[in-house]
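> my questions concern the predicted model and sequence given below.
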Amino acid sequence: ADARVKAVLNKMQSSKGGASGPRTLAELQNLSKRDPESYRSDFLQQWRHYESNLQIFLLKPTDDAKDFCELVTFIAHLSGCYKTIAAPFPKQIIGLLSQHHAVLDSEVRQSLCRALILLRNKDLVESIECLEIFFQLFRCKDKILREMLFSYIVKDIKQMNQKHRQNHVNKKLQNFMYSMLADSNQVAAKKSIDVMVTLYQKKVWQDAKTVNVIVTALFSDVGKIKTTALRFFLGGDQELDDDDDDHAEEDGKSYQAMLANTTAKKTNKRKKMLKKQLQKEQKKERTAGKPEVFNSSALHLLHDPQGLAERLFKMLKGSKDRWEVQLMMMNMTSRLISIHELIVLNFYPYLERYLWPHKQDVTQVLAYVAQACHEFVPPEALESLLMKIANNFVSERSAPEVMAVGINAIREVCRRCPLAMTEDLLQDLAEYKKYKNKAVMTAAKGLIGTFRELNPTLLKKKDRGRPDDDDGLGESGGAPLAFGEQRPVEFLSGIELLTMAEDEDAERGDGMPGHGEPGAAITSERLAAEDDGWSDGSGGWVNISDDEGGPVAATPDGPVVIDALTAEARRAKAISRMGDRPLTQADFERIKMLQLERKLMPSHSEKRARATDETSAQVLDESALLPLMKKSRQTKAERLAQIKEGREERGKFNIRKGHEGGTTNREKEHRKNPMMIKHKLSMRRKATESATSKVARAQLVKKQFRGKKAR
């Protein structure tokens, strides 16, 4: 019983730090969190000790005060337990950092920042006070501190706006960052713009104010700040390094999973891990060939796109930056012109000076030229540009690859602005469809195909192809609209589909839901019901001569001509029908369903039109202008160089000297079942006996002739 009482007393003393109390600040911190009231006097003692050390530290703030840092960390951890005692502590830390951050020792400065982060996590400091002092600390020449503060600022603002947006705090921080962009310290300004870009990419700050604050960084005198803003608007490589590291880690994990499942024991866990890694690899392969999707949401939030494009172009003309930065400025200006359909007429003559085959990155410049074209650009401004491309690129003295790039560039410009092309130039370029080089021939045929859709009248009659009634061009005969002309909208898009569906329902008259109605799923029963009455007894179509109007179907009432009306006639019929009654919400829903079904099975003309719209809407990439290149045959020197390069990666061939690791074949034979090697041993014994008998026979023959051999 006495031993049990002593054990309980010892346990109680150890729980309170022993008879002499806690021996270190870490022990006191642990015990105070468990029972704050019991250790209030101990905390008061340490608080007085902190205040005295603070006064001593203020006399010489450049010293490395380790004891003071330990006290600051201790009080920061327990400030939530003793709020009344430690009430002035946050203001004291903020005052130290704001007044002496430039002269503080790096360890002391990091300790004070960690203490302030602890106070912010316990909600003992306002977010705006904490983040403002952290932005000021970006001026310090301490890379580790800047990285720590950068990650915390992004994390804190993201958590603050997670449940609902804190607009009042966000506005104050954005105004403060706007002032930081004009800071004399380049590192602080760069970190501020990085914070805003990261918050936009993480979908925390995706408002117009954030975007327009980043716009001011485009005109900074600091090159790094300018390129960061340009990459942001161009959808640049802000997080490429992290992605590359992640891909490298995933590759290592997949290799480990494959190795574990092939060499080690096969378990269910390893099978699941291998299956998961294989699914990741398959997803990576599917997304590898897809083009990069450009997100232009930031460019749509600009307050003054026209003014920004003019200012960028003015800065580009007088720029002395590196060529890569000038290319980014060209790309930014052309995207602004393309997305907002701006008019900057001086931009096209400026780009003409770079349209030479020998110029650096000329394919990118050609892509920017085509990207900056739209239907509201006057054709006169682009005629000289097209002639410049045709004269410098598409000529007999140029290489076939150069000619193909030039024709592709002209095609992309005309796809966006068809009126810029003249009849003589188009017919000259169309003659290259019989050129001896396949890349040039393909590019010329692509140009002809583009103008078959846009303006067939400019082509020769033999190049126009077969006319299509479903193009929707009607009486115009394929002639495009004049500059500035727009075709008025006379009907709701998709209303002709609704009229056709209602006619089908009236002819069917069986109460079944027609195409596009809610609940009208495409099933085998529905297809069979729709086929009833639309085929002959043998299940095939009934064809008639061309003068009767087109293919017909056999019905109980007689043959009916299918799709005999043109697109214009169907639309006219739909307009007259819908003018008699208003459309209801059910009609609009049915139109949406019909359009969806039409997209699943489009006609040839609709496929071409949709492909044209998608191509003109997307951001033009340099790869769209490059010709289809066939891999050239390697020379002997190139083959030898490739062979030597492969030998360098392979280790040097050395004969292994001595036995290293594993067991030998002789040792393996000793472990085998005797019945497995019985036959082998008998064969070996026979071979030994035959060899021995041969030696004995030779010796016997030798003994018989001891003298001279008989002749």
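Yes, it's here.
> every contact and neighbour count from this point should use C-alpha atoms.
Noted.
> okay, now the unreliable bits of the stretch 301-450 of the chain?
Low-confidence segments of the stretch 301-450 of the chain (pLDDT under 70): none present.
> from the middle of its chain, how far away would the helix or strand harbouring Leu640 be?
Using DSSP states H and E, the element containing Leu640 is helix 636-649. Centre-to-centre, helix 636-649 and its host chain are 35 Å apart (CA atoms, centre = their mean, to the nearest Å).
> that helix packs against which elements?
With contacts taken as 3 or more CA pairs under 8 Å, 6 or more residues apart in numbering; DSSP states H and E, helix 636-649 sits against no other helix or strand.
> after that helix comes which helix or strand?
Using DSSP H and E, the helix or strand that follows helix 636-649 in sequence is helix 665-671.
> hey, C-alpha coordinates of that following helix in CSV?
Extracted C-alpha coordinates of helix 665-671, given in CSV (Å, rounded to 0.1, in the frame of the first residue of the first chain):
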residue,chain,number,x,y,z
ASN,A,665,25.4,-22.8,-60.3
ARG,A,666,27.3,-25.4,-58.3
GLU,A,667,25.8,-24.1,-55.1
LYS,A,668,22.3,-24.2,-56.6
GLU,A,669,22.9,-27.9,-57.7
HIS,A,670,23.6,-28.9,-54.0
ARG,A,671,20.2,-27.5,-53.0
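> after it, which helix or strand is next? Please name it.
Once the chain leaves helix 665-671, the next helix or strand it forms, by DSSP H and E, is helix 674-704.
> pLDDT averaged over that following helix, what's the number?
Mean pLDDT, helix 674-704: 75.
> one more: stretch 190-208?
For stretch 190-208, the per-residue pLDDT averages 89.
> what residue ranges in the stretch 551-700 of the chain score low on pLDDT?
Along the stretch 551-700 of the chain, segments meeting pLDDT under 70 span 551-568, 577-580, 596-618, 628-632, 649-661.
> show me what the helix or strand harbouring Met500 is packed against.
Taking DSSP H and E as the definition, Met500 sits inside helix 495-508. Here helix 495-508 touches helix 567-578, helix 585-600, going by 3+ CA pairs under 8 Å, 6+ apart.
> buried residues, it. List them.
Neighbour-count burial for helix 495-508, counted by 16 or more other CA atoms under 10 Å, picks out Ile495, Glu496, Leu497, Leu498, Thr499, Ala501, Asp505, Arg508.
> dump those to JSON lines, plus pLDDT.
Formatted as JSON lines, the buried residues of helix 495-508 follow (pLDDT from 0 to 100):
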{"residue": "Ile495", "pLDDT": "75"}
{"residue": "Glu496", "pLDDT": "76"}
{"residue": "Leu497", "pLDDT": "79"}
{"residue": "Leu498", "pLDDT": "79"}
{"residue": "Thr499", "pLDDT": "77"}
{"residue": "Ala501", "pLDDT": "81"}
{"residue": "Asp505", "pLDDT": "79"}
{"residue": "Arg508", "pLDDT": "72"}
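> list the contacts of Val204.
Val204 sits next to Ile157, Lys158, Asn161 when contact means CA atoms under 8 Å, 6 or more residues apart in numbering.
> repeat the analysis, applying 7 Å as the threshold.
Shown in contact with Val204 (CA atoms under 7 Å, 6 or more residues apart in numbering): Lys158.
> doesn't it lie inside a helix?
No - using DSSP: H, G, I helix; E, B strand; the rest coil, the assignment for Val204 is coil, not a helix.
> would you state the strands of this protein in chain order?
552-555, 558-561 (DSSP state E).
> the nearest residue to Met177 once chain neighbours are set aside: neighbour count?
Closest residue in space to Met177, ignoring its immediate chain neighbours: Ser192 at 6.2 Å, by CA to CA, 6 or more residues apart in numbering. Ser192 has 25 neighbouring residues, counting by other CA atoms under 10 Å.
> Ser192 and Asn175 touch, don't they?
No - if you go by CA atoms under 7 Å, Ser192 and Asn175 don't touch, sitting 11.5 Å apart.
> list residues touching both of those two?
With contacts taken as CA under 7 Å, 6+ apart, Ser192 and Asn175 have no neighbour in common.
> name all residues that make contact with the residue nearest to Met177.
Here Ser192 is in contact with Met177, Met180, Leu181 (CA under 7 Å, 6+ apart).
> for the stretch 101-250 of the chain, what spans make up the helices?
Using DSSP state H, counting those that start in this stretch, the helices of the stretch 101-250 of the chain run over residues 106-121, 127-136, 143-160, 167-181, 186-201, 208-215, 223-233, 240-263.
> any buried residues in the first one, and which?
Under the neighbour-count criterion of 16+ other CA under 10 Å, helix 106-121 has 106, 108-120 buried.
> for the residues you listed, work out which two are farthest apart.
Of all pairs drawn from the buried residues of helix 106-121, the one with the longest distance (CA to CA) is Ser106 and Arg120, at 21.0 Å.
> how far away from the center of its chain is stretch 106-114?
In this view, stretch 106-114 has its centroid 37 Å away from the chain centroid, taken as CA atoms, centre = their mean.
> again but with stretch 111-121, I slipped
When C-alpha coordinates are averaged (CA atoms, centre = their mean), stretch 111-121 and its chain have centres 36 Å apart.
> again, but for stretch 83-99
With CA atoms, centre = their mean, you get 44 Å for stretch 83-99.
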